[in-house]
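>>> Give the three-dimensional model of this entry:
(one chain, ligands or ions: 1)
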Amino acid sequence: MAYNHIPVMLPEVLEYLKPRKGQKFIDGTLGGAGYTIALAKAVGSNGLVLSTDLDQLAISNATEKIEQLKLKNIVLVKDNFKNLAAMVKEEFPVGQKFDGIVFDLGLSSAQLDDEERGFSFKSSGPLDMAFGTGGEVSTEEIINEYPLLELTRIFKEYGEERQAYRYAKAIVEARKFIRIKTTADLVSIIEKIFPPRFYHKIHPATKLFQALRMETNGELASLTGVLPDAINLLKPGGKIVLISFHSGEDRIVKRFFKSRTDIKILTKRPLVPGDSETMANPRARSAKFRAAQKIN
Ligand SMILES: C[S@@+](CC[C@H](N)C(=O)[O-])C[C@H]1O[C@@H](n2cnc3c(N)ncnc32)[C@H](O)[C@@H]1O
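The predicted model follows:
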(Lines give C-alpha, C1' and ligand atoms only; values in the text may rest on other atoms or scores of the structure.)
Protein backbone atom coordinates (compact mmCIF):
# COMPACT_ATOMS: atom_id res chain seq x y z
CA MET A 1 0.00 0.00 0.00
CA ALA A 2 1.40 3.43 -0.99
CA TYR A 3 2.03 5.66 2.03
CA ASN A 4 0.51 9.02 1.21
CA HIS A 5 1.33 11.89 3.53
CA ILE A 6 2.44 15.43 2.75
CA PRO A 7 4.74 16.73 5.52
CA VAL A 8 3.22 19.75 7.25
CA MET A 9 5.29 22.95 7.66
CA LEU A 10 8.52 21.23 6.60
CA PRO A 11 10.30 24.49 5.59
CA GLU A 12 9.57 25.92 9.06
CA VAL A 13 10.83 22.74 10.75
CA LEU A 14 14.13 23.04 8.87
CA GLU A 15 14.34 26.79 9.44
CA TYR A 16 14.04 26.36 13.22
CA LEU A 17 16.12 23.20 13.60
CA LYS A 18 18.79 24.42 11.16
CA PRO A 19 20.34 20.97 10.64
CA ARG A 20 24.06 20.99 9.79
CA LYS A 21 26.54 18.32 8.75
CA GLY A 22 27.44 15.92 11.53
CA GLN A 23 24.54 16.86 13.84
CA LYS A 24 22.17 14.45 15.54
CA PHE A 25 18.36 14.71 15.63
CA ILE A 26 15.33 12.83 16.87
CA ASP A 27 12.11 12.63 14.88
CA GLY A 28 9.58 11.37 17.45
CA THR A 29 6.84 10.85 14.87
CA LEU A 30 8.28 9.28 11.72
CA GLY A 31 4.99 8.95 9.74
CA GLY A 32 5.77 9.18 6.03
CA ALA A 33 9.43 10.01 6.90
CA GLY A 34 9.19 13.48 5.33
CA TYR A 35 11.04 15.23 8.18
CA THR A 36 13.35 12.27 8.84
CA ILE A 37 14.64 12.12 5.27
CA ALA A 38 15.07 15.90 5.02
CA LEU A 39 17.03 15.92 8.30
CA ALA A 40 19.11 12.87 7.32
CA LYS A 41 20.13 14.49 4.02
CA ALA A 42 21.08 17.71 5.81
CA VAL A 43 23.22 16.10 8.53
CA GLY A 44 25.12 13.87 6.07
CA SER A 45 26.90 10.62 6.68
CA ASN A 46 28.57 11.78 9.92
CA GLY A 47 25.25 12.88 11.38
CA LEU A 48 22.34 10.80 12.58
CA VAL A 49 18.55 10.78 12.86
CA LEU A 50 16.78 8.56 15.38
CA SER A 51 13.14 8.17 14.31
CA THR A 52 10.33 6.50 16.09
CA ASP A 53 6.76 5.52 15.33
CA LEU A 54 4.31 3.12 16.91
CA ASP A 55 2.92 2.11 13.56
CA GLN A 56 4.45 -0.78 11.58
CA LEU A 57 3.06 0.78 8.39
CA ALA A 58 5.24 3.87 8.93
CA ILE A 59 8.33 1.80 9.81
CA SER A 60 7.97 -0.50 6.75
CA ASN A 61 7.39 2.41 4.39
CA ALA A 62 10.37 4.34 5.77
CA THR A 63 12.65 1.28 5.63
CA GLU A 64 11.90 0.94 1.92
CA LYS A 65 12.38 4.67 1.18
CA ILE A 66 15.64 4.81 3.15
CA GLU A 67 17.00 1.81 1.23
CA GLN A 68 16.07 3.37 -2.09
CA LEU A 69 17.80 6.61 -1.11
CA LYS A 70 20.82 4.69 0.26
CA LEU A 71 20.75 6.70 3.48
CA LYS A 72 22.85 5.04 6.17
CA ASN A 73 22.38 7.56 8.97
CA ILE A 74 18.82 6.80 10.13
CA VAL A 75 17.95 4.57 13.08
CA LEU A 76 14.30 3.47 13.13
CA VAL A 77 12.63 2.30 16.32
CA LYS A 78 9.06 1.00 16.53
CA ASP A 79 7.91 2.26 19.90
CA ASN A 80 5.83 4.88 21.66
CA PHE A 81 7.69 8.19 21.92
CA LYS A 82 6.72 8.31 25.58
CA ASN A 83 9.57 5.77 26.02
CA LEU A 84 12.09 8.08 24.33
CA ALA A 85 14.57 8.22 27.23
CA ALA A 86 14.75 4.41 27.49
CA MET A 87 14.95 4.10 23.72
CA VAL A 88 17.95 6.45 23.53
CA LYS A 89 19.67 4.59 26.39
CA GLU A 90 19.18 1.32 24.54
CA GLU A 91 20.49 2.65 21.20
CA PHE A 92 23.31 4.82 22.63
CA PRO A 93 24.50 3.43 25.98
CA VAL A 94 27.10 6.22 26.38
CA GLY A 95 24.52 8.97 26.99
CA GLN A 96 23.94 10.67 23.66
CA LYS A 97 22.57 14.24 23.53
CA PHE A 98 20.89 15.73 20.45
CA ASP A 99 20.92 18.97 18.45
CA GLY A 100 17.19 18.91 17.90
CA ILE A 101 13.97 16.98 18.42
CA VAL A 102 10.74 17.24 16.47
CA PHE A 103 7.23 15.89 17.09
CA ASP A 104 4.48 16.16 14.48
CA LEU A 105 1.54 14.89 16.49
CA GLY A 106 -1.60 12.97 15.62
CA LEU A 107 -2.09 10.66 12.68
CA SER A 108 -0.87 10.65 9.10
CA SER A 109 -3.01 10.79 5.97
CA ALA A 110 -1.87 7.24 5.15
CA GLN A 111 -3.29 5.96 8.44
CA LEU A 112 -6.55 7.79 7.82
CA ASP A 113 -6.82 6.22 4.36
CA ASP A 114 -6.05 2.68 5.56
CA GLU A 115 -9.42 0.91 5.45
CA GLU A 116 -8.14 -1.98 7.56
CA ARG A 117 -8.00 0.46 10.49
CA GLY A 118 -10.89 2.33 11.99
CA PHE A 119 -9.59 5.91 11.76
CA SER A 120 -12.00 7.16 9.14
CA PHE A 121 -15.76 7.38 9.31
CA LYS A 122 -15.86 7.49 5.51
CA SER A 123 -15.20 3.77 5.08
CA SER A 124 -16.35 0.84 7.19
CA GLY A 125 -13.58 -0.76 9.22
CA PRO A 126 -13.19 -2.42 12.60
CA LEU A 127 -13.43 -0.08 15.59
CA ASP A 128 -9.68 -0.06 16.10
CA MET A 129 -7.95 3.30 16.25
CA ALA A 130 -4.66 2.20 17.79
CA PHE A 131 -1.54 3.68 16.18
CA GLY A 132 0.41 0.53 16.97
CA THR A 133 -0.59 -2.95 17.97
CA GLY A 134 -2.90 -2.38 20.87
CA GLY A 135 -3.53 1.08 22.24
CA GLU A 136 -3.95 1.92 25.90
CA VAL A 137 -7.50 0.57 25.63
CA SER A 138 -9.33 -0.77 22.55
CA THR A 139 -11.69 1.57 20.73
CA GLU A 140 -14.36 -1.13 20.72
CA GLU A 141 -14.06 -1.39 24.51
CA ILE A 142 -14.40 2.38 24.92
CA ILE A 143 -17.54 2.48 22.80
CA ASN A 144 -19.18 -0.59 24.32
CA GLU A 145 -18.04 -0.42 27.92
CA TYR A 146 -17.26 3.14 29.05
CA PRO A 147 -19.93 4.58 31.35
CA LEU A 148 -22.10 7.34 29.94
CA LEU A 149 -20.33 10.16 31.77
CA GLU A 150 -16.88 8.94 30.79
CA LEU A 151 -17.90 8.81 27.12
CA THR A 152 -19.36 12.30 27.48
CA ARG A 153 -16.09 13.56 28.97
CA ILE A 154 -13.88 12.27 26.19
CA PHE A 155 -16.23 13.59 23.48
CA LYS A 156 -16.21 16.99 25.19
CA GLU A 157 -12.52 17.19 26.14
CA TYR A 158 -10.87 15.53 23.16
CA GLY A 159 -13.54 16.09 20.50
CA GLU A 160 -14.57 19.57 21.72
CA GLU A 161 -18.10 18.43 20.88
CA ARG A 162 -20.84 20.59 22.38
CA GLN A 163 -23.45 17.83 22.06
CA ALA A 164 -21.16 15.31 23.77
CA TYR A 165 -23.83 14.08 26.18
CA ARG A 166 -26.43 13.51 23.44
CA TYR A 167 -24.05 11.40 21.36
CA ALA A 168 -22.83 9.46 24.39
CA LYS A 169 -26.43 8.77 25.43
CA ALA A 170 -27.34 7.51 21.94
CA ILE A 171 -24.36 5.13 22.04
CA VAL A 172 -25.28 3.84 25.49
CA GLU A 173 -28.89 3.27 24.31
CA ALA A 174 -27.79 1.48 21.13
CA ARG A 175 -25.42 -0.86 22.93
CA LYS A 176 -28.29 -2.25 25.01
CA PHE A 177 -29.29 -4.08 21.80
CA ILE A 178 -26.09 -4.65 19.81
CA ARG A 179 -22.33 -4.73 20.30
CA ILE A 180 -21.01 -1.78 18.28
CA LYS A 181 -18.20 -3.32 16.24
CA THR A 182 -17.51 -1.28 13.12
CA THR A 183 -17.06 2.35 12.20
CA ALA A 184 -20.24 2.02 10.08
CA ASP A 185 -22.22 0.85 13.17
CA LEU A 186 -21.01 3.93 15.03
CA VAL A 187 -21.65 6.35 12.16
CA SER A 188 -25.23 5.11 11.79
CA ILE A 189 -25.87 5.87 15.50
CA ILE A 190 -24.34 9.35 15.11
CA GLU A 191 -26.36 10.03 11.95
CA LYS A 192 -29.62 9.20 13.75
CA ILE A 193 -28.89 12.12 16.08
CA PHE A 194 -27.57 14.40 13.38
CA PRO A 195 -28.85 13.44 9.91
CA PRO A 196 -26.54 14.25 6.95
CA ARG A 197 -28.92 16.90 5.55
CA PHE A 198 -28.19 19.14 8.57
CA TYR A 199 -24.39 19.18 8.37
CA HIS A 200 -22.65 22.49 8.02
CA LYS A 201 -18.96 22.09 7.36
CA ILE A 202 -17.92 18.84 8.94
CA HIS A 203 -19.55 15.50 9.59
CA PRO A 204 -20.31 15.21 13.34
CA ALA A 205 -18.39 11.93 13.39
CA THR A 206 -15.16 13.86 12.71
CA LYS A 207 -14.92 15.18 16.27
CA LEU A 208 -16.11 11.97 17.91
CA PHE A 209 -13.62 9.88 15.94
CA GLN A 210 -10.83 12.26 16.94
CA ALA A 211 -11.83 11.90 20.59
CA LEU A 212 -11.93 8.09 20.38
CA ARG A 213 -8.51 7.99 18.68
CA MET A 214 -6.97 10.22 21.36
CA GLU A 215 -8.43 8.11 24.17
CA THR A 216 -7.42 4.82 22.52
CA ASN A 217 -3.80 5.93 22.22
CA GLY A 218 -3.55 7.94 25.45
CA GLU A 219 -2.22 10.75 23.25
CA LEU A 220 -2.21 13.63 25.74
CA ALA A 221 -0.56 11.48 28.41
CA SER A 222 2.22 10.40 25.99
CA LEU A 223 2.86 14.01 25.06
CA THR A 224 2.90 15.20 28.68
CA GLY A 225 5.25 12.36 29.59
CA VAL A 226 7.81 12.86 26.84
CA LEU A 227 8.33 16.62 27.08
CA PRO A 228 10.70 16.71 30.12
CA ASP A 229 12.68 13.76 28.71
CA ALA A 230 12.99 15.51 25.35
CA ILE A 231 14.50 18.60 26.98
CA ASN A 232 16.92 16.39 28.95
CA LEU A 233 18.05 14.80 25.71
CA LEU A 234 18.95 18.14 24.10
CA LYS A 235 22.47 19.56 24.05
CA PRO A 236 22.74 23.15 25.30
CA GLY A 237 21.60 25.23 22.32
CA GLY A 238 19.57 22.26 20.97
CA LYS A 239 16.02 22.92 19.80
CA ILE A 240 12.64 21.28 20.18
CA VAL A 241 9.84 21.75 17.65
CA LEU A 242 6.27 20.52 18.12
CA ILE A 243 3.45 20.62 15.60
CA SER A 244 0.03 19.89 17.05
CA PHE A 245 -3.45 19.67 15.57
CA HIS A 246 -5.59 19.81 18.70
CA SER A 247 -6.06 22.65 21.16
CA GLY A 248 -5.48 20.30 24.14
CA GLU A 249 -2.09 19.31 22.74
CA ASP A 250 -1.11 22.86 21.97
CA ARG A 251 -2.08 23.92 25.49
CA ILE A 252 0.13 21.21 27.01
CA VAL A 253 3.11 22.38 24.91
CA LYS A 254 2.50 26.06 25.67
CA ARG A 255 2.22 25.48 29.44
CA PHE A 256 5.21 23.16 29.48
CA PHE A 257 7.40 25.69 27.66
CA LYS A 258 6.34 28.41 30.11
CA SER A 259 7.04 26.20 33.12
CA ARG A 260 10.71 25.58 32.22
CA THR A 261 13.54 27.86 33.21
CA ASP A 262 16.11 25.98 31.10
CA ILE A 263 14.62 26.79 27.69
CA LYS A 264 14.10 29.93 25.64
CA ILE A 265 10.78 30.08 23.78
CA LEU A 266 11.40 30.83 20.10
CA THR A 267 7.76 31.24 19.02
CA LYS A 268 5.89 33.75 21.20
CA ARG A 269 2.69 32.76 19.43
CA PRO A 270 2.33 29.47 17.55
CA LEU A 271 3.18 29.65 13.87
CA VAL A 272 0.50 28.42 11.48
CA PRO A 273 0.78 27.28 7.87
CA GLY A 274 0.53 29.87 5.12
CA ASP A 275 -2.40 30.07 2.69
CA SER A 276 -0.54 28.35 -0.11
CA GLU A 277 0.22 25.37 2.12
CA THR A 278 -3.36 25.00 3.34
CA MET A 279 -4.67 25.28 -0.22
CA ALA A 280 -2.31 22.56 -1.40
CA ASN A 281 -2.77 20.43 1.74
CA PRO A 282 -6.03 21.15 3.61
CA ARG A 283 -4.94 18.73 6.34
CA ALA A 284 -2.36 21.33 7.42
CA ARG A 285 -5.18 23.77 8.28
CA SER A 286 -5.25 23.27 12.03
CA ALA A 287 -1.49 22.94 12.58
CA LYS A 288 0.14 24.94 15.39
CA PHE A 289 3.93 25.10 15.46
CA ARG A 290 5.92 25.89 18.60
CA ALA A 291 9.66 25.83 19.14
CA ALA A 292 12.08 26.35 22.02
CA GLN A 293 15.84 26.21 22.57
CA LYS A 294 17.70 24.71 25.51
CA ILE A 295 19.84 27.28 27.26
CA ASN A 296 23.19 26.56 28.86
C1 LIG B 1 1.42 13.42 11.47
S2 LIG B 1 2.29 11.91 11.33
C3 LIG B 1 3.96 12.41 11.12
C4 LIG B 1 4.29 12.77 9.71
C5 LIG B 1 5.77 13.03 9.48
N6 LIG B 1 6.22 14.25 10.14
C7 LIG B 1 6.12 13.13 8.00
O8 LIG B 1 6.83 14.07 7.62
O9 LIG B 1 5.70 12.27 7.24
C10 LIG B 1 2.27 11.37 12.98
C11 LIG B 1 2.89 9.98 13.19
O12 LIG B 1 3.16 9.87 14.58
C13 LIG B 1 2.86 8.57 15.01
N14 LIG B 1 2.58 8.66 16.44
C15 LIG B 1 1.56 9.29 17.06
N16 LIG B 1 1.67 9.18 18.39
C17 LIG B 1 2.80 8.45 18.62
C18 LIG B 1 3.46 8.03 19.80
N19 LIG B 1 2.97 8.29 21.02
N20 LIG B 1 4.60 7.34 19.68
C21 LIG B 1 5.13 7.07 18.44
N22 LIG B 1 4.54 7.45 17.29
C23 LIG B 1 3.39 8.14 17.39
C24 LIG B 1 1.68 8.14 14.17
O25 LIG B 1 1.62 6.74 14.10
C26 LIG B 1 2.00 8.81 12.83
O27 LIG B 1 2.68 7.93 11.98
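>>> List the buried residues for stretch 133-153?
Buried residues in stretch 133-153, defined by neighbour count with 16 or more other C-beta atoms under 10 Å: Gly135, Ser138, Thr139, Glu140, Ile142, Ile143, Asn144, Tyr146, Leu151, Thr152, Arg153. Bear in mind the C-beta positions are built from the backbone N, C-alpha and C, glycine included.
>>> What of stretch 110-130?
Buried residues in stretch 110-130 (16+ other C-beta under 10 Å): 110-114, 117-121, 123, 125, 127-130.
>>> My read is that Thr278 contacts Met9, right?
No: contact between Thr278 and Met9 fails when scored by C-beta atoms under 8 Å: they sit 10.5 Å apart.
>>> Take the buried residues of stretch 110-130 and keep only those in helices.
Of the buried residues of stretch 110-130, the ones assigned to helices by DSSP state H are Ala110, Gln111, Leu112, Asp113.
>>> Now the first one. Nearest residue, chain neighbours left out?
Excluding its sequence neighbours, the residue lying closest to Ala110 (C-beta to C-beta, 6 or more residues apart in numbering) is Tyr3, at 4.4 Å.
>>> now swap in Thr206 and tell me
Phe121 (7.2 Å).
>>> got a list of contacts for the host helix or strand of Ile252?
Using DSSP states H and E, Ile252 sits in helix 247-259. Under the contact criterion C-beta atoms under 8 Å, 6 or more residues apart in numbering, helix 247-259 has outside partners 105-106, 157-158, 160, 214, 219-220, 223-224, 227-228, 242, 244, 263, 265, 270, 288, 290, 292.
>>> how about it: buried residues?
Those would be Glu249, Asp250, Ile252, Val253, Lys254, Phe256, Phe257, for helix 247-259 by 16+ other C-beta under 10 Å.
>>> quick revisit: can you tell me which of the buried residues of stretch 110-130 comes closest to the ligand?
Ranked by distance to the ligand (C-beta to the nearest ligand atom), the buried residues of stretch 110-130 are led by Gln111 at 6.1 Å.
>>> my read: that closest one touches Ser120, true?
No: contact criterion C-beta under 8 Å: Gln111 and Ser120 do not qualify, at 9.0 Å.
>>> which residues of the stretch 51-200 of the chain fall in helices?
Secondary structure of the stretch 51-200 of the chain, counting by DSSP state H, counting those that start in this stretch: helices at 56-69, 84-91, 109-113, 139-145, 148-157, 164-174, 183-193.
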